[in-house]
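Participant: here are the coordinates; sequence isn't available:
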């Protein structure tokens, strides 16, 4: 198996070296980060325009507190999105792409949690300002369920072994 001595025997349909797999996984992660970064930038941009609106002065202390938490969460999420690039710069040409992929995977999971919190918080904030606190609480619960389904339940269902899915009747 010249040139592919480290081929991944555990992945059906793929014959790639560990380095090729790491390259592919890093490319996949970068694409995911690009999508996440665009969404976070849009949400952060929206948040940063609010204090310059005349109605911002009408926010009560709870709304102001939630706003500050959301801005800080948006900044934290942006910082997390930068981390894999900083790690890549540190590991560049050191033949450690497998480590980079592991760190990138962990960061991607953290970013998904942060984005989920940001989505739930922003939906709650907007509904609280526009409609009221009770409606915001309902929206918060509904959005939390929607985010959990989209980021935990569906990926878990899709990732189940084929035999389990066949037994469940797909």
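Facilitator: In hand now; what should we look at? This is a predicted model, so every value here is computed, not measured.
Participant: for the record, mean pLDDT for the helix or strand that contains residue 43?
Facilitator: Under the criterion of DSSP states H and E, residue 43 resides in helix 18-49. Averaged over helix 18-49, pLDDT sits at 86.
Participant: Pull out the buried residues from that helix.
Facilitator: 21, 22, 25, 26, 29, 33, 36, 40, 43, 44, 47 (16 or more other CB atoms under 10 Å). Every C-beta, even on glycine, is put in place using the N, C-alpha and C of the backbone.
Participant: list the helices and strands the helix of greatest length in the chain packs on?
Facilitator: Assignment by DSSP state H gives helix 97-130 as the longest helix of the chain. Counting contacts by 3 or more CB pairs under 8 Å, 6 or more residues apart in numbering; DSSP states H and E, helix 97-130 is packed against helix 18-49, helix 61-91, helix 133-148.
Participant: Between helix 97-130 and the longest one, find me the angle.
Facilitator: In other words, helix 18-49. 20 degrees (axes from the mean of the first three to the mean of the last three CA atoms, to 10 degrees).
Participant: Any stretches of the protein with poor pLDDT?
Facilitator: 1-13, 163-170 (pLDDT under 70).
Participant: One more pass at 90, please.
Facilitator: Where the chain drops to pLDDT under 90, the residues are 1-48, 50-56, 81-105, 160-170.
Participant: Stretch 54-64: end-to-end distance?
Facilitator: 14 Å (CA to CA, to the nearest Å).
Participant: is it possible to export the helices and strands packed on helix 97-130 to JSON lines including distance to residue 127?
Facilitator: Converted to JSON lines, these look like this (distance: least, CB to CB, whole Å):
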{"stretch": "helix 18-49", "distance to residue 127": "15"}
{"stretch": "helix 61-91", "distance to residue 127": "11"}
{"stretch": "helix 133-148", "distance to residue 127": "4"}
